[in-house]
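Q: below is the sequence, then the predicted model.
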Amino acid sequence: MNVTYESVKNSDGTLWISHSGLVDFKICPRAYYLKHLYRNPATGNKIRVTNPFLSLGTAVHYVLEGLANLEPQDRFFIPLVDRLEKVWPTFRGKKGGFNTQPQERFFKKRGVEMLYNLQNNPRLMLNSAYCMENTLPKIKLFADQEIVLVGSLDWIEKLSDGSAHIVDFKTSQSEESGESLQLPIYVLLAQYHLKVPIAKTSYWYLDKKIGIIKEIKLSSTNYYINLLREKALQIKASIENGDLETCTGGKKCDCVKYEKAINGEAQYVGCDKVMNRDLFYLG
């Protein structure tokens with residue numbers, strides 16, 4: 001199938017830059033296009049091919065969303081596992097990418113264990129937290145171009161001196177690469193919107209038995225701003241030049257799955273109304 005760029009031409013012209021988009025573009029520009037720019041002609045929605053790992057991570061994050069808005073003593077008034085039970089039907093069966101009921105039970109059990117790890121080692125969750133007015137904060141990377149950096153921060157601990165500690169919840173078993181731009185992006189967004197110093201940045205690996213919180217030391221914000229601008233301009237140039245047709249991720253690349261979805265080889269299983277994405281299942 002040849003690439004069409006209707007989704008770009010029909011948009012307001014804004015190029016949205018996110019951590020997930022940067023990762024996808026680095027692995028395979030074709031996958032980036034299909035996951036972040038392509039829209040289903042029948043609905044106008046973006047598409048997503050469901051998979052258990054993504055569903056697990058999203059479900060756990062849904063459970064933790066909004067806890068920062070509560071007083072520390074109220075955050076565990078409703079057990080986190082009970083919250084998971086309420087959100088899990090959204091990801092049940094093929095909508096979550098699960099092939100069998102045993103597979104679904106296995107991933108749900110992992111989610112339960114993660115939430116127990118967190119609730120049994122609450123630490124930061126019992127301290128005050130900053131809350132963003134916008135759940136998806138954004139900033140322009142250039143004054144004269146519609147290129148916008150966007151991200152969703154998991155947790156911002158308010159330290160005793162008023163500074164902030166940014167924490168990103170991780171549900172995967174592997175640790176984040178030292179070259180990851182996820183925390184730097186969150187720092188830039190938090191600094192702009194909160195107007196407070198960022199004292200610490202950490203990953204919280206929920207799948208570890210002891211709930212490991214790993215602090216990460218970052219370079220200067222100017223370094224990351226320049227790097228993100230460079231990467232954003234690379235993506236923009238690829239879009240404008242039509243360079244998003246070739247797969248560079250190999251036979252197991254996400255673009256292969258997404259190609260099947262847009263070619264009618266996957267089963268439509270519903271719509272994620274929160275993200276405005278049509279969901280497709282590949283057995």
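A: Yep, that arrived.

Q: so which strand or helix has residue 199?
A: In the assignment (DSSP states H and E), residue 199 maps to strand 198-205.

Q: and the helix or strand immediately after that strand in the chain, which residues are buried?
A: Next in sequence after strand 198-205, counting helices and strands by DSSP H and E, comes strand 212-215. Using 16 or more other C-beta atoms under 10 Å as the test for burial, strand 212-215 gives 212-213. Every residue, glycine included, has its C-beta placed from N, CA and C.

Q: strand 212-215 - contacts with which helices or strands?
A: Contact here means 3 or more C-beta pairs under 8 Å, 6 or more residues apart in numbering; DSSP states H and E; on that basis strand 212-215 packs against strand 198-205.

Q: C-alpha coordinates for the strand it packs on, PDB please?
A: C-alpha atoms of strand 198-205 as PDB (Å, rounded to 0.1, in the frame of the first residue of the first chain):
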ATOM      1  CA  ILE A 198      12.900  20.200  39.300                       C
ATOM      2  CA  ALA A 199      15.200  18.700  41.900                       C
ATOM      3  CA  LYS A 200      14.900  15.000  41.000                       C
ATOM      4  CA  THR A 201      13.700  12.600  38.300                       C
ATOM      5  CA  SER A 202      13.100   8.900  38.800                       C
ATOM      6  CA  TYR A 203      11.600   5.800  37.300                       C
ATOM      7  CA  TRP A 204       9.400   3.700  39.500                       C
ATOM      8  CA  TYR A 205       9.600   0.000  38.300                       C
END
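
Q: average model confidence for that strand?
A: For strand 198-205, mean pLDDT is 95.

Q: partners of that strand in the sheet?
A: Next to strand 198-205 in the sheet, as set by DSSP bridges, lie strand 164-170 (parallel), strand 212-215 (antiparallel).

Q: which strands and helices lie in contact with the next helix or strand after the first one?
A: It refers to strand 164-170. Downstream of strand 164-170, the first helix or strand assigned by DSSP H and E is helix 182-194. Using 3+ C-beta pairs under 8 Å, 6+ apart, the elements in contact with helix 182-194 are strand 138-140, strand 147-150, strand 164-170, strand 198-205, helix 221-241.

Q: could you look up the SS state of residue 48?
A: The three-state label given to residue 48 by DSSP: H, G, I helix; E, B strand; the rest coil is strand.

Q: so it makes contact with residue 281?
A: No - if you go by C-beta atoms under 8 Å, residue 48 and residue 281 don't touch, sitting 10.2 Å apart.
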